[in-house]
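Q: Mind looking at a prediction? Sequence and model below.
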Protein chains: 2
Amino acid sequence: MSSEVEHVTPKYYLLKTEVLGLMAGLQPGTLIPTERALAEKYSTSRTTVRQAISELVAEGKLGRIQGHGTFVAPPKVTHVRQLTSFSDDARTQGLRPDSTLIALNVLRSDAEAAAHLELEPGDPVTRLERIRLIEGEPLAHEIAWLPGKLPRFKSNLAKAGSLYAVLADVYGVKVADVEDTVETALAGPEDVRLLGIEMGAPLLVVHRLARDAAGAPVEWTRSVFRGDRFRFVSRVKSGS
Amino acid sequence: MSSEVEHVTPKYYLLKTEVLGLMAGLQPGTLIPTERALAEKYSTSRTTVRQAISELVAEGKLGRIQGHGTFVAPPKVTHVRQLTSFSDDARTQGLRPDSTLIALNVLRSDAEAAAHLELEPGDPVTRLERIRLIEGEPLAHEIAWLPGKLPRFKSNLAKAGSLYAVLADVYGVKVADVEDTVETALAGPEDVRLLGIEMGAPLLVVHRLARDAAGAPVEWTRSVFRGDRFRFVSRVKSGS
DNA sequence: GATCAACATTGGCATAGACCAATGGTGTTG
DNA sequence: CAACACCATTGGTCTATGCCAATGTTGATC
């Protein structure tokens, strides 16, 4: 009497649990059975197997490479963000951060950047686009807008690595106050290309507005983090 | 020569763009064509249409009801979290917050709760499980653990509504410092049941640890927010 | 032995079709 | 007029199958 009306929990979800069982105790990187093998083993279709595995990939528990196989993924990277920078955060945890510079130039601000930085559209802004890596793995795509033109910015940044360090030490800009907005999004073609993730993977999109002690905006940044490898931490102390 | 080698962008992703075009200018709540109609209109299969629509639903741009149809979703609710509570946050934005009490009891802490609250496993803790609603819509599932037993907690909480207000006004517990951890997850059967979302929908899972001025933990909470309706904001001022 | 072509394997994308479940309307019945 | 049974519509799940794309191995060739 239990083989007729059991359509409460979808089959693919039960399969997810089965696969989690298979993974228990396996080292990260270990290959699990192929989709076709799992479909046969659990008497289901590959479509259903793929739906189960896709969610486990989205949750960061599995990874997969076309032509190679599906494997147990390494654990999430915990990341702390306070008034510090990406690089400082990573080093605090004993991880090796790195950056790939995609673009750095001075241009006239569009309406959106101008609004956030409290400028007039067309005012000059510095636009910095980078890929942030941890332990060699791309983790985030970041575009930062800074008001005005910063002399010798490129070489200074290359020297120090950390944006916040350069702003403070070279240009005397001290960040006193930041507001982060965190929301979810799904990976599109550009995210796939830049971060090496798969279509539709969940992302954390963080917008940061930093101000100096006088309340003037000094940085507006849009960061796209891999949702499967990243954890966002914010600490707040009671003001007064 | 452009009809052979075009497998760069998946078809379902192109369809997503098409559907976004259809939605332009429509009021929230407006029904879009049925899956079967879209499949025919764009000469594709319902499977492909569903994949496109599923992602738009996950992004909070569409909603759907079985037996009824697929419709344009209302915009995201922005939510501010500082040292304040869910209810205060909502009221600040002129929104009507509400809570449904699922469970409230005193029990012996398990290993996880004990570790976060810096107690011994088995020490008494108060466990508060609620559904948080905004404008009548379920938005989050929240389980809070508080150290020890709080006399007359249930009636006091019912009176004030806000957990933080009760802690401060009735029990003299002042929150001085909170740490929030934000990560993504996908909806399982329990989330589906409690929040009225669909399987596999992206979620924001927030763990909060609150401490008093002496550094003692006073609250540990796990909140599951709908990723399609919610935006997390954290403001940090430079300490000293 | 090194290089390169061919092939098998594995995941990625898409199709067509079937049946279930929830919703809402229609029409009958009391 | 209200209540109820029925039914069409619409999304939800699953199957079976095909071909494409990336990877890695095998084996022939130089």
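A: Perfect, I can see it now.
Q: Excluding chain neighbours, what is closest to the closest residue to DNA strand C within chain A?
A: Residue of chain A nearest DNA strand C, by Cβ to the nearest atom of the strand: residue A:34 (3.3 Å). Where you see a C-beta, it was placed from the backbone N, CA and C, and this is true even at glycine. Sequence neighbours aside, residue A:69 is the residue nearest to residue A:34 in space, at 6.5 Å (criterion: Cβ to Cβ, 6 or more residues apart in numbering or on different chains).
Q: Domains in chain A, by residue range?
A: A:11-72, A:77-233 (automatic domain parsing).
Q: list the helices and strands the helix or strand hosting residue A:193 packs on?
A: Element membership of residue A:193 [criterion: DSSP states H and E] is helix A:189-195. The contact analysis (3 or more Cβ pairs under 8 Å, 6 or more residues apart in numbering or on different chains; DSSP states H and E) places helix A:189-195 against strand A:137-147, strand A:217-226.
Q: Mind checking those strands for the one nearest to chain B?
A: When the helices and strands packed on helix A:189-195 are compared by Cβ to the nearest Cβ, strand A:217-226 sits nearest chain B, at 9.3 Å.
Q: avg pLDDT for that closest one?
A: The average pLDDT for strand A:217-226 rounds to 95.
Q: after it, next one along is what?
A: strand A:230-237.
Q: these two touch, right, residue A:210 and residue A:180?
A: No: at 9.6 Å, residue A:210 does not count as touching residue A:180 under the criterion of Cβ atoms under 8 Å.
Q: Between the two, which is the more surrounded one?
A: residue A:210 (24 against 20; other Cβ atoms under 10 Å in any protein chain shown).
Q: before we move on, back to that, can you put the helices and strands packed on helix A:189-195 in CSV and add distance to DNA strand D?
A: Formatted as CSV, those follow (distance: least, Cβ to the nearest atom of the strand, whole Å):
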stretch, distance to DNA strand D
strand A:137-147, 15
strand A:217-226, 18
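Q: related to what we said a few turns ago, which one of the domains of chain A is the most hemmed in?
A: Of the domains of chain A, the one with the most neighbours on average (mean count of other Cβ atoms under 10 Å in any protein chain shown) is domain A:77-233, at a mean of 17.
Q: Could I get the full set of helices for chain A?
A: In chain A, the segments counted as helices under DSSP state H are A:11-23, A:35-41, A:46-58, A:86-92, A:111-117, A:153-160, A:163-169, A:189-195.
Q: Out of these, which is closest to residue A:222?
A: helix A:111-117 (9.6 Å; Cβ to Cβ).
Q: Stretch A:9-27 and DNA strand D, are they touching?
A: Yes: interface with DNA strand D: stretch A:9-27 contributes A:10, A:11, A:12 (Cβ under 7 Å from any atom of the strand).
Q: these two touch, right, the last one and residue A:51?
A: Spelled out, that is residue A:12. Yes: Residue A:12 is within contact range of residue A:51, at 4.3 Å (criterion: Cβ under 8 Å).
Q: Enumerate the residues of chain A near DNA strand C.
A: Residues of chain A lying close to DNA strand C (Cβ under 7 Å from any atom of the strand) are A:5, A:7, A:34-36, A:46-47, A:50, A:64-70, A:198-199.
Q: which other residues reach the lowest-mean-pLDDT helix or strand in chain A?
A: Ranked by mean pLDDT, DSSP states H and E, the weakest helix or strand in chain A is strand A:77-80, scoring a mean of 77. Contact with strand A:77-80 is made by A:89-90, A:92-93, A:95, A:134, A:139, A:229-233, A:235, B:181, as judged by Cβ atoms under 8 Å, 6 or more residues apart in numbering or on different chains.
Q: Check the offset of it from the chain's centre.
A: Relative to the centre of its chain, strand A:77-80 is centred 11 Å away, using Cα atoms, centre = their mean, to the nearest Å.
Q: One more: stretch A:54-66?
A: On the basis of Cα atoms, centre = their mean, stretch A:54-66 sits 16 Å off its chain's mean C-alpha point.
Q: now swap in stretch A:129-144 and tell me
A: The gap between where stretch A:129-144 is centred and where its chain is centred comes out at 8 Å by Cα atoms, centre = their mean.
Q: Please save the CA atoms from it in PDB.
A: Only the C-alpha atoms of stretch A:129-144 are listed here, as PDB (Å, rounded to 0.1, in the frame of the first residue of the first chain):
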ATOM      1  CA  GLU A 129      37.700  45.500 -12.800                       C
ATOM      2  CA  ARG A 130      39.400  42.500 -11.300                       C
ATOM      3  CA  ILE A 131      39.000  38.700 -10.700                       C
ATOM      4  CA  ARG A 132      39.800  37.800  -7.200                       C
ATOM      5  CA  LEU A 133      41.400  34.400  -6.500                       C
ATOM      6  CA  ILE A 134      41.900  32.300  -3.400                       C
ATOM      7  CA  GLU A 135      44.500  29.600  -3.600                       C
ATOM      8  CA  GLY A 136      44.600  30.100  -7.400                       C
ATOM      9  CA  GLU A 137      40.900  29.500  -7.800                       C
ATOM     10  CA  PRO A 138      38.700  32.300  -9.200                       C
ATOM     11  CA  LEU A 139      36.200  33.300  -6.500                       C
ATOM     12  CA  ALA A 140      34.800  36.700  -7.300                       C
ATOM     13  CA  HIS A 141      34.400  39.200 -10.100                       C
ATOM     14  CA  GLU A 142      34.700  42.700  -8.900                       C
ATOM     15  CA  ILE A 143      34.200  46.200 -10.400                       C
ATOM     16  CA  ALA A 144      35.100  49.200  -8.300                       C
END
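Q: hmm, it touching chain B?
A: No: if you take Cβ under 8 Å from any Cβ of the partner chain as the test, stretch A:129-144 misses chain B, and the best it gets is 13.5 Å.
Q: do stretch A:50-67 as well
A: Yes: Stretch A:50-67 lies within reach of chain B by Cβ under 8 Å from any Cβ, at A:55, A:58, A:59.
Q: Pull the distance from that stretch to the chain's centre.
A: Taking Cα atoms, centre = their mean, one finds the center of stretch A:50-67 at 17 Å from the center of the full chain.
Q: May I have the distance across that stretch, first residue to last?
A: 15 Å (Cα to Cα, to the nearest Å).
Q: For it, give me every contacting residue.
A: Residues outside stretch A:50-67 that contact it (Cβ under 8 Å, 6+ apart) are A:12-13, A:15-16, A:19-20, A:23, A:32, A:35, A:38, A:70-73, A:76, A:198, A:200-202, A:227-229, B:185-186, B:200.
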